[in-house]
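**Q** Got a sequence here, can you build the structure:
(2 chains)
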Amino acid sequence: MTKLKELDTYAQNTWCPGCGNFGILTAVRKALGELRDEGTDLHKFVIASGIGCHAKIVDYLNVNTFYSIHGRVPPAISGTKLANPNLVVIGHAGDGDAYGEGVAHLIFAAKRNININMIIHNNRVYGLTTGQFTPTSPTGFKGRSTPKGSPEEPINPIELMLSSGATFVARGYAARTGLLKELIKAAVKHKGFSFIDVLQPCHTFFNIYDFYNEKTYELTEENHDPTSYEQAMAKAREWPYETEEKIPIGTFYQVEKPTYEERLLKGRIPANMTPGDIKTVLEHHL
Amino acid sequence: MDELSILIGGKAGDGIRQAGTIIGKLIGRLGYRIFLYDDYPSLIRGGHNFSVIRASGKKVLAHKDKVDIIVALNQDTVEKHHEALTKNGIILYDSDKVKSEGVGLPFSQIVKEHEGAPIMRNTAAIGAFAKMIGAEWSLLERVIKDTEKKATSLNLKIAEASYRLVGQRFFDMKQLPLKPLPIVSGNEAIALGAVQAGLNLYIAYPMTPASSILHYLASHEDELGIVTVHPENEIAVAVMALGAAYAGARTMVGTSGGGFALMTEAISLASQGEYPVVFVECQRAGPSTGVPTYTMQADLHFVLNAGHGDIVRFVVAPGDTEEAFYLTALAMNIAWEFQIPTFVLSDKHLSESLFSFDPDTIEIGASEPLLWDKKAPYKRYSFAPNGVSPLAFPGDPEATVKGTSYEHDEYGITTEDPAKIQKMQDKRLSKKPALKKRLQQIEQVKIYGNENSKTAIICWGSTKGVCTEIAEELDIKVVQPLIMEPFPVESLKNTLADVNKVIDIETNATGQLARLLACNGITIHETILRYDSRPFTVDGLLNRVKEVIS
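**A** As a prediction, the model looks like this:
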């Protein structure tokens, strides 16, 4: 059995007390430990992050990591995955990161069905830049850039990912670490693009633990069929990231399709390839 | 004949570039050295395209305004270019479409009779052209068979029908006692140079005039043993490349100025994270969208300074295909030896022109990067006198590889400690003196013409071809820096020490090399700039240089 201490670094944790990121870190550590015990070597993992509070997670994990830049986690880990498809890559990003700065990359990663895993720490506020509204803040959110209230309606990332072609779409909640750990394990085991939107209360700028505790309910075999695109879309639309409705958490959608690297690489591992002799190609130029 | 220039023109969609290439190959197989300039507007059908093919018994790297043969597939070619014809020049034209003096043949009718596609008028033109220069039918037959892989027999019939209609030869192009050389574009040479230095992945978003690197590598993936990727935009391209380099793949990206602008945040990340990646920047006329299919050398300072923060970089500026091949391979090697971003600065004129390319004159392969020896626990950013930390890649059972965009300690954990910050910045910057030392092994500045002349042209990149040719004629010196960063200031100062007139020649509006030279204390006496987005021609530039040296 993996001792979770092995997964820790000497870095001092600087998240605020009560931060939702602690729950996500706990779930990730447990998921990594269990995946390792089930046979995936720890050195095969690459964990990436963007920029923001969420991103510090890579400093706290003693595995291969790629601390990237704001919005660019999907291309960063796509490059890693394409160079060596034997690696298991997990990208962490914030909501400003994934749904704002780098939304095109997220859509394209889903469209390609590249076998990477995206875990979005969705606190619905910019934390590290001290409290502005994000793409998923509710309408009227009073942040430092919108003191009169956000004039925009939020993006629904579950809907966005379903319509972009993601083959694994889930929502977790940072305070439900057991469920989140299971979602992360299922995402990693899923062959293709996996997406988990994690509701992560920001204790300092948008503390809505009570709201989530009251409103969330779990998707189960009894109330949802995750192989049905229509049901997944209906469940996604139950909560438009505003303030009134019930919030389903769990796996919305999971289907299997050919992955990008299967189609593009056809078994090749670019990082291990040796290029051929240019002489034969030059003969075409005579 | 020692030399022949041909201009072939028509609408976009008439297959002008393809016909020019076949003409180049035909004359190339006679042992001539070829240069082909391709001029086309930014549209898909219509407009006016032309190619100028110059063939010579010795190496040629530029075209002239004056041509010996005009091949006209449209009326515009005659109207726009008839004044370019030399005294004994001939116009070969499609008599079904064009009114002109010269040799008119019914290309359209020939194609129709053979039930060919309209684009095959270019094949008919090539057939007649071959006869006009005295080429054997069997030679043209081989070139068409080797080049036209689709509808080969139909193309052969059309070419032969046209060939037989020409009664006499007008120019006598004999077989020369020289080995025929492959005819390669600047972009193809860049692609092949990267492969020679171990390229694994080429990642790019289409942008003229860089796209042909992507097309070429994509169409030869299996033969070359590489993988190409076309992502959603240039931001993704550059960041993907860093992610791939982190995992151990030798990776190159390519674009033009606008796409390069989007890559600049990744250049900073490549510096902080020490990810080796080659960036190819094929300049075109700017600012902004500018003139997409025409040339300019106006991104020198952009490339030298792209990316926020203090960055050690390596920038090369090849001027012909041999240099493009060699310097791209070198850029790949230097990227991996020093774990820095490196840059190949080309432009439309180099990237899309065709040249006779002699690979046997170049010796370079893939150099080995510094790899972790597994003796001490792995630290991605361990300190070293030359700033280069040994590499390990994710997937290694004994290494934990932590790459980062934040300032960090040796292991790769974020730090805000002032002493650690300064020490790590010093580590990265210490690569520059180490790189300069490494570069002492190679030629950084090229000299041509009369080395002892008191008058010297200084130029960079694609302008080298035209400058070297006029320098021969005027018996003056040419100085060409191959490396723009670290800029070889000492070599330049040495070679210009006895020169009392330095003429800077560039295709941009402000003299960007002149500015770089001035920053380094090198005096320029005259500046000749062209910035109408067209390259200098030999005859055009000769007159301008004569004006300033008289």
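**Q** closest point of chain A to chain B, which residue?
**A** Closest to chain B within chain A is residue A:79: 2.8 Å, counting by CB to the nearest CB. C-betas here are computed from N, CA, C, even on glycine.
**Q** Can you give me the pLDDT of residue B:40?
**A** What the model reports for residue B:40 is a pLDDT of 93.
**Q** Any idea how many residues pack against the nearest residue to it once chain neighbours are set aside?
**A** The shortest distance from residue B:40 to any residue other than its chain neighbours is 4.3 Å, reached at residue B:49 (CB to CB, 6 or more residues apart in numbering or on different chains). When neighbours are counted by other CB atoms under 10 Å in any protein chain shown, residue B:49 registers 26.
**Q** just checking, residue B:49 is part of a strand?
**A** Yes: remark: residue B:49 belongs to a strand, assigned using DSSP: H, G, I helix; E, B strand; the rest coil.
**Q** and residue B:39, how many neighbours?
**A** 20.
**Q** Residue A:238 now?
**A** Neighbour count for residue A:238, taken as other CB under 10 Å: 12.
**Q** Does it touch residue A:249 like I think?
**A** No: judged on CB atoms under 8 Å, residue A:238 makes no contact with residue A:249 at a distance of 11.1 Å.
**Q** what about the strands in the stretch 351-500 of chain B?
**A** Listed in chain order, the strands of the stretch 351-500 of chain B (DSSP state E, counting those that start in this stretch) span B:354-356, B:402-404, B:445-449, B:455-458, B:477-481, B:483-485.
**Q** how about the ones you listed in JSON lines, adding mean pLDDT?
**A** Output for the strands of the stretch 351-500 of chain B, formatted as JSON lines (pLDDT from 0 to 100):
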{"stretch": "strand B:354-356", "mean pLDDT": "98"}
{"stretch": "strand B:402-404", "mean pLDDT": "98"}
{"stretch": "strand B:445-449", "mean pLDDT": "98"}
{"stretch": "strand B:455-458", "mean pLDDT": "98"}
{"stretch": "strand B:477-481", "mean pLDDT": "98"}
{"stretch": "strand B:483-485", "mean pLDDT": "98"}
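**Q** would TSV of those with mean neighbour count and distance to residue A:191 be doable?
**A** Shown next, in TSV, are these (neighbours: other CB atoms under 10 Å in any protein chain shown; distance: least, CB to CB, whole Å):
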stretch	mean neighbour count	distance to residue A:191
strand B:354-356	27	45
strand B:402-404	28	26
strand B:445-449	18	53
strand B:455-458	26	58
strand B:477-481	24	51
strand B:483-485	24	45
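**Q** For chain A, find the nearest of the ones you listed.
**A** Among those, the nearest to chain A by CB to the nearest CB is strand B:402-404 (3.7 Å).
**Q** rewinding a little: for the residue of chain A closest to chain B, which non-adjacent residue is spatially closest?
**A** Closest to residue A:79 by CB to CB, 6+ apart is residue B:243, at 2.8 Å.
**Q** Pairing partners for the residue nearest in space to the middle of chain A in the sheet, please.
**A** In chain A, the centroid-proximal residue (CA atoms, centre = their mean) is residue A:119; its distance is 1.7 Å. The bridge-partner assignment for residue A:119, based on DSSP bridges, gives residue A:92, residue A:196.
**Q** in the stretch 1-150 of chain A, which spans are strands?
**A** A:45-49, A:64-67, A:88-94, A:117-122.
**Q** Under the pLDDT cut-off, which ranges of the stretch 151-286 of chain A? List them.
**A** Within the stretch 151-286 of chain A, no stretch has pLDDT under 70.
**Q** which stretches of the stretch 351-500 of chain B form helices?
**A** B:418-429, B:431-439, B:463-474, B:489-496 (DSSP state H, counting those that start in this stretch).
**Q** try the stretch 151-300 of chain B
**A** Applying DSSP H, counting those that start in this stretch to the stretch 151-300 of chain B gives helices spanning B:152-165, B:186-196, B:211-219, B:221-224, B:234-246, B:257-273, B:300-305.
**Q** Give me the neighbour count for residue 189.
**A** If you meant another chain, say so; for now it's chain A. Around residue A:189 there are 14 other residues, counting by other CB under 10 Å.
**Q** my bad, the chain I had in mind was chain B
**A** 29.
**Q** what's the distance between it and chain A?
**A** To chain A, residue B:189 is 10 Å away according to CB to the nearest CB, to the nearest Å.
**Q** Domains in chain B, by residue range?
**A** The record assigns chain B these domain ranges, following automatic domain parsing: B:3-165, B:184-361, B:370-442, B:445-549.
**Q** Please identify the most buried of those domains.
**A** domain B:184-361 (a mean of 24; mean count of other CB atoms under 10 Å in any protein chain shown).
**Q** what about that one, how long is it end to end?
**A** 15 Å (CA to CA, to the nearest Å).
**Q** For the stretch 1-150 of chain A, what lies in contact range of chain B?
**A** A:9-11, A:41, A:43-46, A:48, A:51, A:56, A:58-59, A:62-69, A:72, A:74-84, A:86-87, A:104-105, A:107-108 (CB under 8 Å from any CB of the partner chain).
**Q** Pull out the buried residues from those residues.
**A** A:9, A:11, A:43-46, A:48, A:51, A:56, A:58-59, A:62-69, A:72, A:74-84, A:87, A:104-105, A:107-108 (16 or more other CB atoms under 10 Å in any protein chain shown).
**Q** for the residue in the stretch 101-250 of chain B that chain A sits nearest to, what are its contacts?
**A** Closest approach between the stretch 101-250 of chain B and chain A, counting by CB to the nearest CB: residue B:243, at 2.8 Å. The contact partners of residue B:243, by CB atoms under 8 Å, 6 or more residues apart in numbering or on different chains, come to A:48, A:66, A:68, A:75, A:76, A:77, A:78, A:79, A:80, A:81, A:83.
**Q** Check these and tell me the two furthest apart.
**A** Using CB to CB, these span at most 14.9 Å, a distance reached by A:68 and A:83.
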